[in-house]
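*Asks:* any chance you can model this:
(chains A and B)
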Amino acid sequence: EDQVTQSPEALRLQEGESSSLNCSYTVSGLRGLFWYRQDPGKGPEFLFTLYSAGEEKEKERLKATLTKKESFLHITAPKPEDSATYLCAASSNDYKLSFGAGTTVTVRA
Amino acid sequence: ETGVTQTPRHLVMGMTNKKSLKCEQHLGHNAMYWYKQSAKKPLELMFVYSLEERVENNSVPSRFSPECPNSSHLFLHLHTLQPEDSALYLCASSQGTGGGTYNSPLHFGNGTRLTVT
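*Replies:* Got it, this is the predicted structure:
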């Protein structure tokens, strides 16, 4: 059975304190790994898609990387506006999309 | 309007009521989805429509009934719900059909917060 696990469940950072979120996946043939950001009271917002091990994508203070077993979302010098829940999801060769439970990031000024 | 719009934003209903959730997408996408989001749990896929045809029904109880009259509109009809059905219900859309439906980024609405009393 496909499974996506995110850690940690919650992360509290000081402004400027860089850190990484982990997304481990077990799927039957990865077709794509997605990252989303969700603010309170809103739906998830698409950030990145990664397709193959070694691929990296960046957007402002966020960088997503992918290996054969996991993906990382690196947050460099975060600001309070980076506070959100970050979700990852993996699509598989048998046409399933599995989400993780998310990591809630709080950045204090 | 742009993106994916869901109404109502909040809904409180008794277990004997009948209500409907509405979703509209203005992105020209081919596929639409209903997801259930409960606290600290992964998003649960409920239904998928691709080109207005239901392609997935993820073992969802019959008290939830989807309807997709065209590629821009999606409804979720609710009746005889249980308190454990209280959750955030998210609608999403994406490009692609068939297997490609699951490999395109999802664009979500802001959800309907449902409380069943």
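*Asks:* tell me the residue of chain A that sits nearest chain B?
*Replies:* residue A:43 (3.2 Å; CB to the nearest CB). Heads up, the C-betas are built off the backbone N, CA and C, glycines and all.
*Asks:* using the three-state scheme, assign that residue.
*Replies:* On the three-state scheme (DSSP: H, G, I helix; E, B strand; the rest coil), residue A:43 is labelled coil.
*Asks:* what does the host helix or strand of residue A:34 contact?
*Replies:* In this assignment (DSSP states H and E), residue A:34 forms part of strand A:30-38. Residues outside strand A:30-38 that contact it (CB atoms under 8 Å, 6 or more residues apart in numbering or on different chains): A:23, A:25, A:44-51, A:64, A:66, A:71, A:73, A:84-93, A:97, A:102, B:102-103, B:105-106, B:108.
*Asks:* could I have it exported to CSV, CA atoms only?
*Replies:* Coordinates of each C-alpha in strand A:30-38 appear next as CSV, following Å, rounded to 0.1, in the frame of the first residue of the first chain:
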residue,chain,number,x,y,z
LEU,A,30,6.9,7.3,-8.3
ARG,A,31,5.5,9.5,-11.1
GLY,A,32,5.7,12.8,-9.3
LEU,A,33,6.2,14.3,-5.8
PHE,A,34,4.2,17.4,-5.0
TRP,A,35,4.6,20.0,-2.3
TYR,A,36,1.7,22.3,-1.2
ARG,A,37,1.4,25.1,1.3
GLN,A,38,-1.8,25.5,3.4
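*Asks:* alright, calling it a day.
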